[in-house]
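Trainee: sharing a model that was predicted from the sequence below.
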Amino acid sequence: MSRFTDDMIYTRNGLKVRFNEEAMKPVIWPLVEAGQYDDILMDIELWVNLPNAVSSVAAIAAAFVTGSWAHILVFWLLGMLVGGVVQEAIYSEALKVIFPMFLGGWLIALPGTIACDIYLVLQGGYVTAVVLTLLVVGNWLHMTDCVFLLPLMPFQLWLMALVERRTGVPVGFTLTERVFVTLCERRAKKLGIELQWELYDQAMRDRRQALDSPLT
């Protein structure tokens, strides 16, 4: 089950979705009743990991093919940027499964890195093995996320405005809120449900009015 606080929605692993949980309940309740809501939060976690997963796969492949730490860095960076652009532009079930769930997940990426490190060390590529390990482990621990945040900031601003125009929901400046809206809409469409996003705005206005009202 997901974890909630008074203010924000949190996924099982602590990823923050910056929507007020109480105000969002009337909107997403049909999805909760249909048993889709926890799956949506799990998919958000996976999709947020797309750039890390793509860059890990690219780095491991570069290590096997070239054995050069410089090439590993280049392909790792390209994978991070390409994954970040794709992540912001679309949502793909296939890419979610291939990279964050499978190839770039820790069950595949970490053993793959260890196998590659052994191969590199046997070839005398000690520095290359260290660089590869640091990059893949850094991706796994989310210590490398800032690499693609600044270059993609203008693109993120444009997408935030687009989502707000399409749904009427004020979306925060993070990917998680945009993916949350996208996935809720996709699941609702499959179920033949129309989500009433205006209920969120109304609930937030009511909360603000209640907070601003003087005590009687």
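Mentor: Received, thanks. Residues are numbered from 1 along each chain as shown.
Trainee: quick one, grab the pLDDT at Val147.
Mentor: pLDDT recorded at Val147 is 69.
Trainee: residue contacts, Leu46?
Mentor: Lys96, Pro100, Met101 (CB atoms under 8 Å, 6 or more residues apart in numbering). Where you see a C-beta, it was placed from the backbone N, CA and C, and this is true even at glycine.
Trainee: most centrally placed residue in this structure?
Mentor: Centroid-nearest residue in the chain: Val48, 1.1 Å away (criterion: CA atoms, centre = their mean).
Trainee: nearest spatial neighbour of Ala203, chain-adjacent residues omitted?
Mentor: With sequence-adjacent residues excluded and distances taken as CB to CB, 6 or more residues apart in numbering, Ala203 is closest to Ala23, at 3.7 Å.
Trainee: helix/strand/coil for the one you found?
Mentor: Put simply, Ala23 is helix when judged by DSSP: H, G, I helix; E, B strand; the rest coil.
Trainee: quick check: it touching Tyr200?
Mentor: Yes - with contact defined as CB atoms under 8 Å, Ala23 reaches Tyr200; the gap is 5.3 Å.
Trainee: of these two, which one has the most company?
Mentor: Neighbour count, other CB atoms under 10 Å: between Ala23 and Tyr200, Tyr200 has more, with 22 against 18.
Trainee: for that one, give me the pLDDT.
Mentor: On the pLDDT scale, Tyr200 gets 89.
Trainee: how about the contacts made by it?
Mentor: Taking CB under 8 Å, 6+ apart as the test, what Tyr200 contacts is Phe19, Asn20, Ala23, Met24, Pro26, Val27, Val169.
Trainee: now it: how far from Leu134?
Mentor: 42 Å (CB to CB, to the nearest Å).
Trainee: now for the biggest helix by length in the chain, which elements pack on it?
Mentor: Longest helix in the chain by number of residues (criterion: DSSP state H): helix 69-89. Judged by 3 or more CB pairs under 8 Å, 6 or more residues apart in numbering; DSSP states H and E, the packing partners of helix 69-89 are helix 50-66, helix 126-140, helix 146-149, helix 153-167.
Trainee: for Gln209, find the nearest of those.
Mentor: Nearest to Gln209 among the helices and strands packed on helix 69-89 is helix 153-167 (21.7 Å), distances taken as CB to CB.
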